[in-house]
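> Below: sequence and its predicted model.
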Amino acid sequence: MKTKYLLPNSWRSYGFILTFISMPLAIWMLVDGANFPITEIPTRLHFKYPDWEMFRNIFAVKPDGTVSFRNIQDLLGLTLITGLFIIGFSRLKVEDERIAQIRLESLQWGIYANYFILFLCIMLVFGTSFFLIMIYNIFTPLLIFITRFYWLLLVQPAIELKKKGVCHEKQNKN
């Protein structure tokens, strides 16, 4: 089976690295943001262009030309989305019709579950809490898709072996 729109298999490890670095940090920031140790990331980039003024809420350009990334939660969100995207949409070593079907069904489940959760939240949550739920809503389709996809890859071979074992036992009895 030809998979035109999937990323190379070698990228999966980078996706796992990005996800496993950014997920705990993002959870830590959500739970205890006041005591989060990283508030700015200094860089050695030098920018002296006036066009960078429009990005002043994201980057802090200091007088010496160095740049600090102000919103670490934005960086963590971008890193988490990138990592989840790479994990979800990179090829496996063997891509056949069964894997493509599992991938499609898992993606469909992710979208259905996401909108079901969103529907419940619209009905039950109000105010600023709803804004936080909309932020989490960015990550839920990818998380549900990846969880279900890899769960089915883990469980289905065992199910198929049981089915084959049952079929062989029935054939042996006849």
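Cool, the structure landed.

> okay, CA-based contacts and neighbour counts for the rest of this
Fine.

> Look at L107 and report its pLDDT.
We have a pLDDT of 93 for L107.

> And for the one 3 residues further on?
G110 carries a pLDDT value of 94.

> correct me, but it touches L142?
Yes - G110 is within contact range of L142, at 6.9 Å (criterion: C-alpha atoms under 8 Å).

> Please enumerate the strands of the protein.
41-42, 59-61, 67-69 (DSSP state E).

> for the record, mean pLDDT for the first one?
Pointing back at strand 41-42 there. For strand 41-42, mean pLDDT rounds to 61.

> go on, the last one?
Across strand 67-69, pLDDT averages out at 61.

> what bits of this structure have low per-residue confidence?
Across the chain, the ranges flagged by pLDDT under 70 are 1-3, 33-34, 36-70, 158-174.

> switch the cut-off to 80
Scanning the chain with the threshold set as pLDDT under 80 gives 1-4, 29-74, 156-174.

> Going along the chain, name the helices of it.
For the chain, applying DSSP state H gives helices covering 12-31, 72-88, 97-124, 128-136, 140-173.

> Quickly compare those and say which is most buried.
Among the helices of the chain, the stretch with the highest mean neighbour count (mean count of other C-alpha atoms under 10 Å) is helix 72-88, at a mean of 20.

> Can you give me the neighbour number for K4?
Residues within reach of K4, counting by other C-alpha atoms under 10 Å, total 7.

> Roughly how far does it sit from I21?
Distance, K4 to I21, using C-alpha to C-alpha, to the nearest Å: 29 Å.

> what do you get for L7?
When L7 is compared with I21 (using C-alpha to C-alpha), they lie 21 Å apart.

> what does G15 give?
Per C-alpha to C-alpha, G15 is found 10 Å from I21.

> Quick check: L107 touching F145?
Yes - counting by C-alpha under 8 Å, L107 touches F145, with 5.0 Å between them.

> Contact partners for G83?
Y14, G15, F16, I17, L18, T19 (C-alpha atoms under 8 Å, 6 or more residues apart in numbering).

> Pretty sure L84 is one of the things the second one touches, is it not?
Yes - proximity of G15 to L84 meets the contact threshold set by C-alpha under 8 Å, at 6.4 Å.

> Pretty sure L6 sits against R91.
Yes - when contacts are counted by C-alpha under 8 Å, L6 is listed as touching R91 (5.8 Å).

> Done for today, thanks.
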